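>>> Provide a 3D model corresponding to the input given below.
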Amino acid sequence: MTILAELKEVVEVDLKETIYDAQLLHYINMGLRYLANNAIPVVQIKADADWDVFTDLKDGDDQIVLDWLHLYTLQRFDKSLLSVPARGTQVWIDTEKDNLLFQLKAIYDRGAEK
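Numbers count the residues shown, from 1 in each chain. You can find the predicted model right below:
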């Protein structure tokens with residue numbers, strides 16, 4: 001399954017629906033750039049990319065990246081999260097994203113070793 005298809009699944013977009021693919025791919029690539037800027041070994045992708053494109057990720061870390069991308073994409077894709085009643089959800093999402101990023105940075109961001 002492609003990365004885009006997996007993201008569509010976790011964001012709960014029908015896999016057969018393609019109208020949001022360009023928008024979702026844009027959000028995915030923005031998120032991947034953010035992770036890359038934080039020393040996580042990921043690259044920008046095309047719509048047909050699968051997890052093999054991330055050759056430097058350790059086994060299992062693709063799921064951490066997927067979870068982080070899910071939350072990052074959801075924040076941008078689901079505009080209802082911008083409402084005041086959703087503020088608690090926004091705080092939870094930000095906290096979860098930070099926790100996932102810290103898991104990855106503990107493995108890949110070895111500033112002292114560079």
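>>> can you pull the buried residues of the top helix by length along the chain?
Assignment by DSSP state H gives helix 87-108 as the longest helix of the chain. Going by neighbour count (16 or more other CB atoms under 10 Å), the buried part of helix 87-108 is Ile93, Lys97, Leu100, Leu101, Leu104, Tyr108. (C-beta placed from N, C-alpha, C; glycine too.)
>>> Surely Asp48 touches Ile3?
No: taking contacts as CB atoms under 8 Å, Asp48 lies outside contact range of Ile3: 9.2 Å.
>>> re the thing from before, can you redo the buried residues of helix 87-108 as JSON lines with pLDDT?
Below are the buried residues of helix 87-108 laid out as JSON lines (pLDDT from 0 to 100):
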{"residue": "Ile93", "pLDDT": "95"}
{"residue": "Lys97", "pLDDT": "98"}
{"residue": "Leu100", "pLDDT": "98"}
{"residue": "Leu101", "pLDDT": "98"}
{"residue": "Leu104", "pLDDT": "97"}
{"residue": "Tyr108", "pLDDT": "95"}
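>>> ok, of the residues you listed, which one's closest to Ala39?
Ranked by distance to Ala39 (CB to CB), the buried residues of helix 87-108 are led by Tyr108 at 5.4 Å.
>>> got a list of what the closest residue to Gly31 other than its chain neighbours touches?
Once flanking residues are discounted, Gly31 sits nearest to Tyr72: 4.1 Å by CB to CB, 6 or more residues apart in numbering. Residues near Tyr72 by CB atoms under 8 Å, 6 or more residues apart in numbering: Tyr27, Met30, Gly31, Tyr34, Lys97.
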